[in-house]
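>>> Requesting a structural model of the entry that follows:
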Amino acid sequence: MNNDIQKDQTEENASEDTTLLGGLSQRLLHGDIGSLPVLLGLILIAIVFQIANPNFLTPLNLTNLFVQIAAVGTIAVGVVLVLLIGEIDLSIGSVSGLTAAIMAVISVKVGMPGWIALIAGILSGVVIGLIQGWWIAKLHVPSFVVTLAGFLGWQGALLYVLGSTGTVNLTDPLIIAISNSRLPVMVGWLIGVIFVAGYAFILFRERIQRAQIGVPNQPVAMLIGRIALIAVVILAAIGMMSVDRNPSHTVPIMGVPSAVIFLLGFIVIFDYITRKTKFGRYIFAVGGNADAARRAGINVDRIKIIVFVLSSTLAACGGILAGSRLYAVNQSSGAGDVLLNAIAAAVIGGTSLFGGRGNIWSALLGALVIGSIANGMDLLAFASSIRFMVTGGVLLIAVTLDAYTRARRETTGSS
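Alright, predicted model coming up:
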């Protein structure tokens, strides 16, 4: 009997392995490649720049990289939401600059406490998103046109708010600390352990719930592998940020930067919203087929308005993070390549331009790709022209993969 039991267990494990490999091959065959190209791209970028400059993978540079992408990554979270419903928001750069300027003027020129200035800046983003979302949903003006008008109009509002001053230097300790403070080392480790434990708990709870209702589950090996991978990545990142990053070691610089916590916090929150709530399911339904969603009883206009409100609000948060990191807000805040980098981050990370497919984590992955390219080329003293061309090439490849996988799914008949 023991031999029979052992034989059954062996066959079960072999079946799970076959299911794992078969499931992966089927996903690739149907064009569902997920984040695999982005992860491979990040590994390739790290290898190339580390060979070219040994300082690329040092704790100091990698931590600075995460802080540098916090603002664009936060804005990109809002872009992902907009792309998921099949729309576009071209105003996010100008909105981030304007809302940061409103915060700075209220804090410095009006002399209000930092927390009031922060709330005013964020509420400004809410109002802007409400105006644009209502215009798109209720007046049926294409989002491209409405947000392009916003791109120009809010940029003008930024210049008006700043006035002749041009630059407002931030001095409030609360505002400055948003991007420039660091968590105590032990607190960083505690947050990491709690996150990994919570992630494992959620996955196992989902597995139990699926088993109870008779829904097929992924193999245990895959489940444990996902948890182990997340644990290694999270704890390795915290370990890297917990060492003394000061080259001179005169004053210790260690701990997870607060800007990184804000970015990851936004990603975790909105990842939960999109994957685990009714509102999140409605977002994917509207992006997949708005007419079908409307016939199913979903208030499509309301979903669109809320998504554009969230996009502008996250743009405001990104603008505040950027202003806090630079200790100032000026006429060029939110300008330059902020808009293009945020949209490129969402698309490069794997969110479809055609709506209905993607996830919030693509904002982080795409921002890491763009940030790594910029950071590596800065270390090598490359001209900005080279960086723009390389980033453009990466974006073109990402969009091409998106179009290919979409065509592949249509050909194979997968959803």
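>>> hey, let's count contacts and neighbours off CA atoms from now on
Will do.
>>> Any idea which residue is closest to the centre of the protein?
Ala363 (2.6 Å; Cα atoms, centre = their mean).
>>> Excluding chain neighbours, what is closest to that one?
Ala346 (4.8 Å; Cα to Cα, 6 or more residues apart in numbering).
>>> Just the strands from this protein, written as ranges.
Listed in chain order, the strands of the chain (DSSP state E) span 167-169, 328-330.
>>> Averaged pLDDT, the first one. What do you get?
By that I understand strand 167-169. Strand 167-169 shows a mean pLDDT of 92.
>>> so how far is it off the chain centroid?
The chain centroid and the centroid of strand 167-169 are separated by 28 Å under Cα atoms, centre = their mean, to the nearest Å.
>>> Can you list the neighbours in contact with it?
With contact meaning Cα atoms under 8 Å, 6 or more residues apart in numbering, strand 167-169 is reached by Ala101, Ala104, Val105, Val108, Leu162, Tyr327, Ala328, Val329, Asn330, Gln331.
>>> circling back: nearest to Gly93, out of the strands of the chain?
strand 328-330 (13.3 Å; Cα to Cα).
>>> quick check: mean pLDDT across that closest one?
With pLDDT averaged residue by residue, strand 328-330 scores 93.
>>> That strand packs against which elements?
Strand 328-330 sits against helix 92-104, strand 167-169, with contacts defined as 3 or more Cα pairs under 8 Å, 6 or more residues apart in numbering; DSSP states H and E.
>>> Flag whichever of the ones you listed has the least confidence on average.
Within the helices and strands packed on strand 328-330, the stretch with the lowest mean pLDDT is strand 167-169, showing a mean of 92.
>>> Just the buried residues of it, please?
Neighbour-count burial for strand 167-169 flags Thr167, Val168, Asn169 (criterion: 16 or more other Cα atoms under 10 Å).
>>> List just the nearest of these to Ile122.
Val168 (17.9 Å).
>>> hmm, back to that, out of the buried residues of strand 167-169, flag the one nearest to Gly239.
Asn169 (33.4 Å).
>>> Give me the distance between that closest one and Ser107.
Asn169 is 10 Å from Ser107, where distance means Cα to Cα, to the nearest Å.
>>> And for Asp378?
33 Å.
>>> Would you confirm that Leu183 contacts Pro257?
Yes - Leu183 lies in contact with Pro257 (Cα atoms under 8 Å); the separation is 6.3 Å.
>>> between the two, which one's more packed in?
The residue with more neighbours, out of Leu183 and Pro257, is Pro257; 23 against 16, by other Cα atoms under 10 Å.
>>> For that one, which residues are in contact?
Thr63, Val67, Ser179, Asn180, Ser181, Arg182, Leu183 are the contacts of Pro257 under Cα under 8 Å, 6+ apart.
>>> Out of the residues you listed, list just those in helices.
Among the contacts of Pro257, DSSP state H puts Thr63, Val67, Ser179, Asn180 in helices.
>>> Tell me the most packed of the residues you listed, by neighbour count.
For the ones in helices among the contacts of Pro257, the largest number of neighbours (other Cα under 10 Å) sits with Ser179, at 26 neighbours.
>>> so who does that residue touch?
Val67, Pro257, Ser258, Ala259, Leu321, Ala322, Ser324, Arg325.
>>> Can you tell me, leaving aside adjacent residues, what's nearest to the fourth one?
If you skip the residues right next to it in sequence, Ala259 has Ser179 as its closest partner in space, 4.5 Å away by Cα to Cα, 6+ apart.
>>> Which residues are in contact with Gly280?
Contacts of Gly280 by Cα under 8 Å, 6+ apart are Ile273, Thr274.
>>> and stretch 378-391, which residues are buried?
For stretch 378-391, a neighbour-count test (16+ other Cα under 10 Å) marks Arg387, Thr391 as buried.
>>> what do you get for stretch 154-161?
Going by neighbour count (16+ other Cα under 10 Å), the buried part of stretch 154-161 is Trp154, Gln155, Ala157, Leu158, Leu159, Val161.
>>> quick revisit: what subset of the contacts of strand 167-169 is buried?
The neighbour-count test (16+ other Cα under 10 Å) marks Ala101, Ala104, Val105, Val108, Leu162, Tyr327, Ala328, Val329, Asn330, Gln331 as buried among the contacts of strand 167-169.
>>> what pLDDT does the third one get?
On pLDDT, Val105 comes in at 95.
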